[in-house]
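1. next one to model:
(one chain, ligands or ions: 1)
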Amino acid sequence: MRFAHLSDIHLGFQKQEALQKIEQEVFEKTLDECILRKVDFILIPGDLFHSNIPEMRVQKFAFAKFRQVHDAEIPVYVVYGSHDSSPVANSVIDLLAETGYITKVTRVKESENGKIVLDFIQDKTGVKIAGFSGLKAGKDREYYEKLDRDSLVSEPGFKIFLFHGGISEVKTEQSQKGEYMPLSFLPKGFSYYAGGHMHRFLHNEYEDYLHVVYPGTLFSGYHSDLEENANGQRRGFVLVEFDDKVTSVDFIEIKKADYEIIEIDAENRKADSVNIDLADKVKKIDAAGKIIIIKVEGELTYGKTADVDLSAIREYLSQSGALAVNINKNKLTSREYKITEAKGKNKDEIETNVFKENIGELQSEQKELVGDPGVLLAKKLLKELGQPILENEKKMEYLQRMKQGAFGILELKIDDS
Ligand SMILES: [Mn+2]
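-> Coordinates of the predicted model:
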């Protein structure tokens, strides 16, 4: 018998059309592989979708695919991840569960002494499955602390535990940031621990926890995943063969795109020299049909970060037939103009000091933009733009309101044509 384990697909994450296409294709190809290999069931421990309500385009292709899996009589067992759950609203996961295409694993009974008792689901193969969803920010720990592990440990048979979250013991230096929980939070003695959340494939074995496995993302759920793809990180799902215990755990690679990555170290350089270097490196690669990742980091000695001009590079690359261009200059700073940290007793004072220090580094002939008037103006703008969207307000209306407010403060007329 065999089962497939996939996670962190983050359907709906991609914004560029070419990348959306790949996101869809790797998902479909993976489930096609599951059908082709006649797996007995599929496990998805979270972040199947990037948000609890992804756009209709995404829901449509996901439903179509899960219908095929359902028609092939392959059950799909799911727990929520941190991305596709919502503490207050329904999730597309719930719709898929209502149609019967997937089964939500977490069956919680709260016992009298405040312990959380989990029930098992039994698959037609006889395998017993229990699991815990990933929740947002800090809630996980609270629930795991209340988890009644004894009842889970004492259950006989081939058992699988589904979970979504990082484990301190499997964490490496390259692991993503965030919260990690101790391995001991998981119930001991299961045959397989199907993890989600870690975006790279990991298969670890411990004394009381055989086979703690994370398949990693299928394509990408963070921008850094694309960077890792470009640097050769394999992506795919996990195929597990078993009888009364696990007999093999194989990583099945699902390859979809070709990449080129250009990394520029801008440390101690001038913006102009970085631009020349970039143009040079971009001309040397064959961009056709590939995803191009550009990463510029370091501290410039001269020129603003905006002087590192990537729009021309983007234009050149798309004309050379690049499939998509992903640019990251989050870690690019400039000595000439750098946001300095400012202290203060309260929010208002900190804001004033941040603006004072940073505006102090600027020169402008427009007197209202510098000095004390500049600080006042910046604070007014910040207050205006800090307003949240109103309940029942449409996004377009909100954007319009923000624009009017901000332009009003700047005493600029807006062209609404
Ligand atoms: Mn994820």
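
2. which parts of this protein sit against the ion?
-> The chain comes close to the ion at residues 8, 47, 221, as judged by Cβ under 5 Å from the ion. For every residue, glycine as well, the C-beta is placed using N, CA and C.

3. name the nearest residue to Ala312, ignoring sequence neighbours.
-> Once flanking residues are discounted, Ala312 sits nearest to Ala279: 7.8 Å by Cβ to Cβ, 6 or more residues apart in numbering.

4. does the one you found count as helix, strand or coil?
-> Under DSSP: H, G, I helix; E, B strand; the rest coil, Ala279 falls in the helix class.

5. host element of the spatially most central residue of the chain?
-> Centrality entry for the chain: nearest residue to the mean C-alpha point is Gly221, 3.5 Å, by Cα atoms, centre = their mean. Here Gly221, judged by DSSP states H and E, is contained in no helix and no strand.

6. wait, isn't it in contact with Gly12?
-> No: Gly221 is beyond contact range of Gly12, at 9.9 Å (criterion: Cβ atoms under 8 Å).

7. what's the overlap in contacts for those two?
-> Counting by Cβ atoms under 8 Å, 6 or more residues apart in numbering, the contacts common to Gly221 and Gly12 are His50.

8. Tyr259: how many residues sit nearby?
-> 18 (other Cβ atoms under 10 Å).

9. so what's the backbone phi/psi at the nearest residue to it once chain neighbours are set aside?
-> Distance criterion Cβ to Cβ, 6+ apart; nearest residue to Tyr259, sequence neighbours excluded, is Ala230 at 3.7 Å. Phi and psi for Ala230, reported as degrees, to the nearest 10, are phi -60, psi -30.

10. for Ala230, give me the pLDDT.
-> As predicted, Ala230 sits at a pLDDT of 94.

11. that one touches Glu260, doesn't it?
-> Yes: counting by Cβ under 8 Å, Ala230 does reach Glu260; the two are 7.0 Å apart.

12. same drill for these two, tell me which one is more crowded.
-> Ala230 (21 against 18).

13. from the recorded domain assignment, give the ranges for the protein.
-> Following automatic domain parsing, the chain resolves into domains at 2-253, 259-334, 347-409.

14. got the contact list for Ala378?
-> With contact taken as Cβ under 8 Å, 6+ apart, Ala378 is in contact with 355, 359.

15. quick one: contacts of stretch 111-121?
-> Looking at what lies outside stretch 111-121 - Cβ under 8 Å, 6+ apart - the contacts are 77, 103, 105-110, 128-132, 143, 146-148, 151-152, 155, 159.

16. Pro215 contacts Gly236, doesn't it?
-> Yes: the pair Pro215 and Gly236 passes the contact test of Cβ under 8 Å, sitting 7.1 Å apart.

17. give me the three-state assignment for Ile292.
-> strand.

18. now for the closest residue to Ile350 other than its chain neighbours, how many residues are close by?
-> Residue nearest to Ile350 in three dimensions, not counting chain neighbours: Gly344, with 3.7 Å by Cβ to Cβ, 6+ apart. Look at Gly344: counted by other Cβ under 10 Å, it has 12 neighbours.
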